[in-house]
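[1] Sharing a model that was predicted from the sequence below.
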Amino acid sequence: MPDLHPLACRNIMLVRVSWDLGAATGVDRAVTTLAFALAHAGHRVVIATAAEQPDGVGPPGVLVEQLDLPITLPCTPETLRSALVTSNQKILNSLCDLVVRHQSDTVVCVGALWGLGRLHTDLPDGVQRVLMVPTLQQEPEVDLPSALAYADTIITSCDAVLQQATTAAWPTRGWRVVPAPSLHGPGCGPFAAPVTRRAEGPVRVLAPAGPDVGVLELIAAARAWHRTVEVALDLPGPGDVRGTRVLRQQCQILADQSPNIKLHPTPGWADVSGWLAGASAVIIPCRRPTSSLTALEALSQGTPVIAYNTGTLAELLQPLQDGPRRLLADIMHGPNALLFLTDKLLANPAAYRTICQAAYRHAQDFLPARIADLFCSALR
């Protein structure tokens, strides 16, 4: 491998089959924030994806290239695995051509399947191969063993995922933890507004439009609530072939019956932080372990986040909990517990002011420049 100083300029290619600039949550959003952070730090960054992008537009300073895959997105994981077998050489050639064209010294497979980490390919000499394991839920046993064997460096998103992998007996010795960065630095939203005025704003929910996200249950519980709740559903995930139509219809029916519930269009990729900044609080109703990126982007604007005590969200929010400032609900108590904690926090001006300030400070550990340095330091 080339002996690169961690701060030296690198040519980095991020591979994610499903990446979409419009994604407001999840792993695809994490690819956007990491690419932005690396480019902002002076590295040359390319995102390679099979998803069609309008005009090849990416984050500032980031190139977007099309992988030649014989699939139509969204598709099931089984469809993608089949394509990797039947069109193996074609896909290898497409990836290697991009690596050579951009003189990439680092190829980052963001996921064992959706990042092509499981694909065996002989990259040009001196090119480092990195596997990112965002969550184990997206890395089933059929994909992960090969991806681990082919990687020179393995990076995961937080200690909670690392511990989960260790408990599951994956060979985690040598894995590095690099969290996702917030897309913008703290203070880009209306954080300077008086806290009392901020607390009067709507409670907002930004959730992936997929199974088990808990958003429908939260809306049902909030229909009788005295606070305004604004809900935005993200784009479907890479394996969601049904899309979001049914979930959106169900949410709309409940919203139509409830004057305090409003469905909001999904914020554009550059507008997510600002939209979260305009909330008095953000509720993340996901019952299963999920990406902490939405929570992080809310915290970076000084907006408190209420969520279930599970996975990466618990790891991110636990340091902010103290006495009356509770942010994590027991998952067994359901969405009413999320509403209760939100109400309790917003009704206590002193606790609310303290948690807004603590959220702002905590998010500074995830500034783009710092995460870019951590990422490059993790490379061999």
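    Thanks, I have it.
[2] Distance of the residue lying closest to Ile71 once chain neighbours are set aside relative to Asp68?
    Residue nearest to Ile71 in three dimensions, not counting chain neighbours: Ala83, with 5.0 Å by Cβ to Cβ, 6 or more residues apart in numbering. (Glycine included, C-beta is placed from N, CA and C.) Noted for Ala83: a distance of 11 Å to Asp68, by Cβ to Cβ, to the nearest Å.
[3] on that earlier part again, just confirm the residue nearest to Ile71 is within a strand.
    No - remark: Ala83 does not belong to a strand; assigned using DSSP: H, G, I helix; E, B strand; the rest coil, it is helix.
[4] What is the burial count for it?
    Ala83 has 18 neighbours, counted by other Cβ atoms under 10 Å.
[5] picking that back up, quick check: neighbours shared by Ala83 and Asp68?
    Ile91 (Cβ atoms under 8 Å, 6 or more residues apart in numbering).
[6] all helices for the stretch 51-200 of the chain, in order.
    Applying DSSP state H, counting those that start in this stretch to the stretch 51-200 of the chain gives helices spanning 77-86, 88-101, 144-150, 159-167, 195-198.
[7] Tell me which of those helices sits nearest to Ser18.
    Closest to Ser18 of the helices of the stretch 51-200 of the chain, according to Cβ to Cβ: helix 77-86, at 9.0 Å.
[8] quick one: buried residues of that closest one?
    79-80, 83-84 (16 or more other Cβ atoms under 10 Å).
[9] what angle sits between it and helix 88-101?
    80 degrees (axes from the mean of the first three to the mean of the last three Cα atoms, to 10 degrees).
[10] Check the offset of helix 77-86 from the chain's centre.
    24 Å (Cα atoms, centre = their mean, to the nearest Å).
[11] Using PDB, list the CA coordinates for that helix.
    Provided in PDB are the C-alpha atoms of helix 77-86 (Å, rounded to 0.1, in the frame of the first residue of the first chain):
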ATOM      1  CA  PRO A  77     -31.000  -7.700  -2.300                       C
ATOM      2  CA  GLU A  78     -31.500 -11.000  -4.100                       C
ATOM      3  CA  THR A  79     -31.700  -9.200  -7.500                       C
ATOM      4  CA  LEU A  80     -28.500  -7.400  -6.800                       C
ATOM      5  CA  ARG A  81     -26.700 -10.600  -5.600                       C
ATOM      6  CA  SER A  82     -27.800 -12.400  -8.800                       C
ATOM      7  CA  ALA A  83     -26.500  -9.500 -11.000                       C
ATOM      8  CA  LEU A  84     -23.100  -9.700  -9.200                       C
ATOM      9  CA  VAL A  85     -22.900 -13.400 -10.200                       C
ATOM     10  CA  THR A  86     -24.200 -13.300 -13.700                       C
END
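[12] What are the contacting residues of it?
    17, 69-71, 91, 113-114, 116, 118-119, 140, 142-143, 239.
[13] mind listing the helices for the stretch 201-350 of the chain?
    So, for the stretch 201-350 of the chain - with DSSP H, counting those that start in this stretch - the helices run 215-222, 245-256, 272-277, 293-299, 311-317, 335-346, 349-363.
[14] For Gln252, list the residues it contacts.
    Leu263.
[15] Next one: it relative to Leu84, how far apart?
    Taken as Cβ to Cβ, the span from Gln252 to Leu84 is 37 Å.
[16] Next: Cys96.
    With Cβ to Cβ as the criterion, Cys96 and Leu84 are 15 Å apart.
[17] Same check on Pro335?
    Taking Cβ to Cβ, one finds Pro335 at 39 Å from Leu84.
[18] List the contacts of stretch 36-44.
    9-12, 45, 59-62, 102, 181, 183, 368-369, 371-373, 375-376.
[19] Of those residues, keep whichever come out buried.
    Looks like those have 10-12, 45, 59, 62, 102, 181, 183, 368, 371-373, 375-376 buried, using 16+ other Cβ under 10 Å.
[20] Looking at the residues you listed, point me to the pair that's furthest apart.
    Spanning the widest gap among the buried ones among the contacts of stretch 36-44 are His102 and Leu183, at 23.1 Å by Cβ to Cβ.
[21] mind checking which helix or strand of this structure has the lowest mean pLDDT?
    Lowest by mean pLDDT, DSSP states H and E among the helices and strands of the chain is helix 195-198, with a mean of 71.
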